[in-house]
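[1] Fold the following, please.
(2 chains)
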Amino acid sequence: GAVVSQHPSWVICKSGTSVKIECRSLDFQATTMFWYRQFPKQSLMLMATSNEGSKATYEQGVEKDKFLINHASLTLSTLTVTSAHPEDSSFYICSAPKVDTQYFGPGTRLTVL
Amino acid sequence: GDSVTQMEGPVTLSEEAFLTINCTYTATGYPSLFWYVQYPGEGLQLLLKATKADDKGSNKGFEATYRKETTSFHLEKGSVQVSDSAVYFCALSTSGGSNYKLTFGKGTLLTVNP
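    Alright, predicted model coming up:
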């Protein structure tokens, strides 16, 4: 298999602050990574595709300036939630493909007070 | 657009019971179909997949058959164990190669009691 990690696993922040979430592929390289958001008792919703060395591709309805994505290396993508508000509280999950299988990180629980 | 509908849970079974979790899909073209499992506190793991009609995916005693005529990919297991307690997600992809996006169902929470 392959391993994808996320850091932090949970974070609590005040409204108006920014939070950075890291997604790492530990034992393989990934030119593409995906960021999902999961609401309680709901499905995972794809937010954006992170592309190494180029701009991320955002899904319709996702604010680019709100959710900044940087894919600076072949093993690291970061999601920054800028000026977070309580409605941004959610479970954020990343994934990276290796061959023909997507490998998922364990997720990051964000709570904005 | 693409969508996945799976039976809503929670599903509660006794050990050794038979499991079926229904999944149907709507997609353009010919999607690949997946079942992912999320154990408590862990990330999603691929359980099984099927890439074309009539293919059967299987793993750890779980099976699912790609039925194009009914656009379904139901998950089954003949005898569940307590360790199978988890959330199960049905998903599809219509993109090819390694750069593919997944569309997920809402997930079904399975609890197996001893």
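
[2] Could you tell me how far the helix or strand encompassing A:Leu110 lies from the centre of the chain?
    Using DSSP states H and E, A:Leu110 maps to strand A:108-112. Centroid separation between strand A:108-112 and its chain, computed with CA atoms, centre = their mean, to the nearest Å, is 12 Å.

[3] ok, and what's touching that strand?
    Here strand A:108-112 makes contact (CB atoms under 8 Å, 6 or more residues apart in numbering or on different chains) with A:6-15, A:19, A:21, A:81, A:84-93. C-beta here means a position set from N, CA and C on the backbone, and glycine is covered the same way.

[4] and these near chain B, which?
    Applying CB under 8 Å from any CB of the partner chain, the subset of these adjacent to chain B comprises A:6, A:93.

[5] Make a ChimeraX selection of the buried ones in the contacts of strand A:108-112.
    In ChimeraX syntax, the buried subset of these is picked out as below (16 or more other CB atoms under 10 Å in any protein chain shown):
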select /A:6,11,13,19,21,81,84,88,89,90,91,92,93
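
[6] Out of the contacts of strand A:108-112, list just those in strands.
    Among the contacts of strand A:108-112, the residues falling in strands (DSSP state E) are A:6-7, A:10-13, A:19, A:21, A:81, A:90-93.

[7] Identify the spatial nearest neighbour of the residue nearest the centre of chain B, chain neighbours not counted.
    Taking CA atoms, centre = their mean, the centroid of chain B lies closest to B:Trp35, which sits 3.0 Å from it. Of all residues not flanking B:Trp35 in the chain, B:Leu47 sits nearest, at 4.4 Å (CB to CB, 6 or more residues apart in numbering or on different chains).

[8] That neighbour reaches B:Tyr39, doesn't it?
    No. Contact between B:Leu47 and B:Tyr39 fails when scored by CB atoms under 8 Å: they sit 10.8 Å apart.
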